[in-house]
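> Structure for the following, please:
(one chain, ligands or ions: 1)
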Amino acid sequence: MYKIVVAIILGYMVISCKLNSAENSNDSKSEIQREWWKEGVVYQIYPRSFKDSDGNGVGDLRGIISKLDYIKSLGIDIIWLNPVYKSPNTDNGYDISDYEAIMEEFGTMADFDELLEGLHNRGIKLVMDLVVNHSSDEHRWFQESRSARNNSYRNFYHWWPAEKGEPPYRRSFFDVTGKAWTYDKTTNAYYLHYFSRKQPDLKWENPELRRAIYKMMRNWFDKGVDGFRMDVISFIAKDTTYPRVTEEELKEIYGDDTWGRYYADGPNLHAYLREMNEEVLSQYDVMALGEGAGVTIDNALKFVDEDRKELDLFFHFDGVSLGYSPGGYKQLDPEGWSLTEFKDIYTRWNDVFAEKGWGSIYLGNHDQPRMVSRWGNDAPEYHNKSAELLQTFILSMRGTAFIYYGDEIGMTNIRFDNIEDYRDIETINWYKQLKNMGKNTDKYIEGWKLSARDNGRTPMQWNNSLNAGFTSGIPWIKVNSNHKKINVAAQENDSGSILNYFHKMIQLRKNNPVLVYGSYELLSPDHPQIYAYVRTLGESKMLVVLNFSTEEIEYQLPVGIKTGSVEISNYDVTDVNEERVVLKPYQTVIFTLK
Ligand code: TEU
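Residues are numbered from 1 along each chain as shown. The predicted structure is shown next:
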C-alpha cells in the first residue's frame, strides 16, 4: 500500500515536471523582445526623386520637408533615407566625398536638421544610409592616400604596387572592364574597388580607419539619427594577402553568385561588426540594418543573433534575385519564377529567424525594378489589385516591413527604349561592356525594361500636372507618363485607391501584434497560385490568403483550419464559407481564425 502511494506521488511529480518544462519551453519560444525597429513600418525615400523644391530637377531635403504631412498620413513609423552626403554622384550618392556634409544639390546641414526635427515632431524615426565599404575617390582620405606611398592615409585603402605585376583578379560590379583593380600612375600602384573606379574600397583591416568611421557614426547618432542601413556591410573585410582566386575555384566553394559570396566571406568580418557594436551601436537605441549582399541562409544568423551583439536585422537577396538567367546583366529567364519557389524562399528565410535574430521584408528598393511590375502585374486590369496584394504580403509577414516610395500608389516600371534615357552607372557601364564585347545589345535593352534599377528611381508621382508635380524644372530622369493616372492626388480622393488600401493595411498591422510578432506557418506549399499562411501569437491567429494569379481560384482550406471574420480584403465582396474561399484575380483576404 505504502509503495503504491509513493509510486502515485512520484508519477504525479514526473508528469507535473514535464508539463512545467513544456510550459517553460513554450514560454521561452513565445517570449518576445519588443523593439521599435521590429514593429515600425519603414518607408524608403530616394531623395533625388521624391520632391524638388528649387526647380533644378533634382529632389532635395526641402522637398521632403514640404511633404512631411503626407509622410505622416501614410501611417509609417520610420524613414530610411538613401545617401544625402556630399558626393560627386557617380552612383547617386553611394560615392561619398564627405561623410559629415550634405550634398549641395540636396541642401544644407540646417535643412537636414529641420528635416530630422520635423520627423521627430511627428513621431517618425530617421534611419540614414551608411556607405563604408568604399568612399568616393574625391574623399580627402583617398586624395591623400593616392598622393604618395608614404602618406599617412595610404593604408586607408587597398593598394597593390605595380612592381609586383598584375594584381589578382577581383570582379568589379560596375567597372566597364569588369575588373576591380585600377592603375593609378601617381604612385605606380593599383587600388581596389568592388564597385566603380570612383568608389575605392576602404581598408577595414586598418584600425585607424575603423576608429574614424566609428567617430563619424557617433556624430550622426549624437545629432539624433535613429539608425543606419549599412550598404554592402558584408563586403568590408578583405584578405589583405590578396590571394589569386579563379572563378572556377570560387564556384566549387560557393556555387552560384561566386563573387558576392566570396566578398561576403572576408576574414574578421564578424570581429569588425562586434567591435562596431561595442564602440558605437550598443551605446544608442538605434536600428542597425545590414545590407546582406552575398549572405546565405546558412550564415545569416551570425549577423543578427542577439547573443553575438553585431547587427539587429538585415536584407537578404534571395527573394529579389529569383528568376534571373545565369550570366549576369540582370536578364530574366523567360520562364520567370514560380510562386512555389517564391514561397519556399520567404518561408526558409522566415524560419532562420523564427527564434533568434530578426528579418526584413521588401519587394522593391532603389536597386530593384518597381515591385508591381516585377512581382505583380502592371497591366491596367490587374494593376490595382496586384499592387494591393504585394502591400498585403509585405505588411503581413514576420520581419520589419519596408515600403519603397511610390509603392503606396503602385508606381510601375518606366521601360526605357533607349540607353540614352538611363542615368544609372550600372546599366550604362553594362551596356558599354556588352558593346565592347561586340554583343547585340537589343536583347539586353529589352530585358532591362523589366529589371534595371532606374525603373525604380523615376520621380514620385504627386499629381497629373507637368512632371507629376515633382519639379518645375527639367527632371534629372524622365517622369513616367502614366502619372496622369497613377498619382497621389487622384488616389487621396478615391476611397477605393491603392493608397487608401495601404492606409487600411498599415492600420491592421498596427492593431494586431500577431502580424508583427506572431509565428508564421505556410499552408499548401505546392499550390501554384495561392500563397497562404497562418500567423499565431498566443490566442490570436490570423490567416492570410493571397491569389498571385489572373485566375479566379477556389481555395479549399487545409483540414482543421476554419475561417473566422474577414479583417481586410482588396475586393468588396468575398465568397467564403468556413472551409473554402473563392479568390478573384490578385485578391487578398486576411481572416481571424476560429
Ligand atoms: O548595393 C549593393 C549591391 O549588392 C548591388 O550590387 C546591388 O545588388 C545591385 O545594384 C543590384 O543590381 C548597394 C546600394 O544599394 C547600391 O545602390 C549601390 O550602387 C552599391 O551598394 C554600391 O554602393
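
> For V41, list the residues it contacts.
Contact criterion Cβ atoms under 8 Å, 6 or more residues apart in numbering gives G75, I76, D77, I78, L395, T400, A401, I403, I506, R509 as the residues in contact with V41. For the C-beta atoms, the positions are set from N, CA and C on the backbone; glycine is no exception.

> Apply 6 Å and report the result again.
Residues in contact with V41 (Cβ atoms under 6 Å, 6 or more residues apart in numbering) are I76, D77, A401, I506.

> try G260
By Cβ under 6 Å, 6+ apart, the residues touching G260 are A293, G294.

> next one: the strand or helix carrying it to chain centre, how far?
When secondary structure is defined using DSSP states H and E, the element that contains G260 is helix 258-263. On the basis of Cα atoms, centre = their mean, to the nearest Å, the separation between the geometric centre of helix 258-263 and that of its chain is 19 Å.

> So that helix, near the ligand or not?
No - using Cβ under 6 Å from any ligand atom, helix 258-263 never reaches the ligand; the gap is at least 6.9 Å.

> Beyond that helix, next helix or strand please.
Following helix 258-263 in sequence order, the next helix or strand is helix 269-279 (DSSP H and E).

> what comes up buried for that next one?
L269, Y272, L273, R274, E275, M276, N277, E279 (16 or more other Cβ atoms under 10 Å).

> what do you get for stretch 330-343?
Under the neighbour-count criterion of 16+ other Cβ under 10 Å, stretch 330-343 has K330, Q331, L332, W337, L339, F342, K343 buried.

> tell me the pLDDT at the fourth one?
This means W337. pLDDT for W337: 93.

> Please apply the same query to D257.
The confidence metric pLDDT takes the value 79 at D257.

> how far away is it from the ligand?
Separation of D257 from the ligand (Cβ to the nearest ligand atom, to the nearest Å) stands at 10 Å.

> tell me how far stretch 434-444 is from the chain's mean position?
With Cα atoms, centre = their mean, you get 30 Å for stretch 434-444.

> Please write out the alpha-carbon positions of it in PDB.
Extracted in PDB, the C-alpha atoms of stretch 434-444 (Å, rounded to 0.1, in the frame of the first residue of the first chain):
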ATOM      1  CA  LEU A 434      28.500  44.400 -73.900                       C
ATOM      2  CA  LYS A 435      29.200  46.800 -76.800                       C
ATOM      3  CA  ASN A 436      33.000  46.300 -76.200                       C
ATOM      4  CA  MET A 437      32.400  42.500 -76.400                       C
ATOM      5  CA  GLY A 438      30.700  43.100 -79.700                       C
ATOM      6  CA  LYS A 439      27.300  41.800 -78.400                       C
ATOM      7  CA  ASN A 440      24.000  42.700 -79.900                       C
ATOM      8  CA  THR A 441      22.600  44.900 -77.100                       C
ATOM      9  CA  ASP A 442      18.900  44.900 -78.300                       C
ATOM     10  CA  LYS A 443      18.100  41.800 -76.200                       C
ATOM     11  CA  TYR A 444      19.600  43.400 -73.100                       C
END
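
> Now do the SS call for the closest residue to T177 other than its chain neighbours.
Spatially, and ignoring its direct neighbours in sequence, T177 is nearest to Q433 (7.8 Å; Cβ to Cβ, 6 or more residues apart in numbering). In terms of secondary structure, Q433 is helix; the call rests on DSSP: H, G, I helix; E, B strand; the rest coil.

> What is the burial count for Q433?
18 (other Cβ atoms under 10 Å).

> out of the buried residues of helix 269-279, which one sits closest to the ligand?
Comparing those against the ligand with Cβ to the nearest ligand atom picks out L269 as the nearest, at 15.4 Å.

> gap between whichever residue of the stretch 151-300 of the chain sits closest to the ligand and F235?
Evaluated by Cβ to the nearest ligand atom, the stretch 151-300 of the chain has A293 as its residue closest to the ligand, separated by 3.7 Å. Shown here: A293 relative to F235, a distance of 7 Å by Cβ to Cβ, to the nearest Å.
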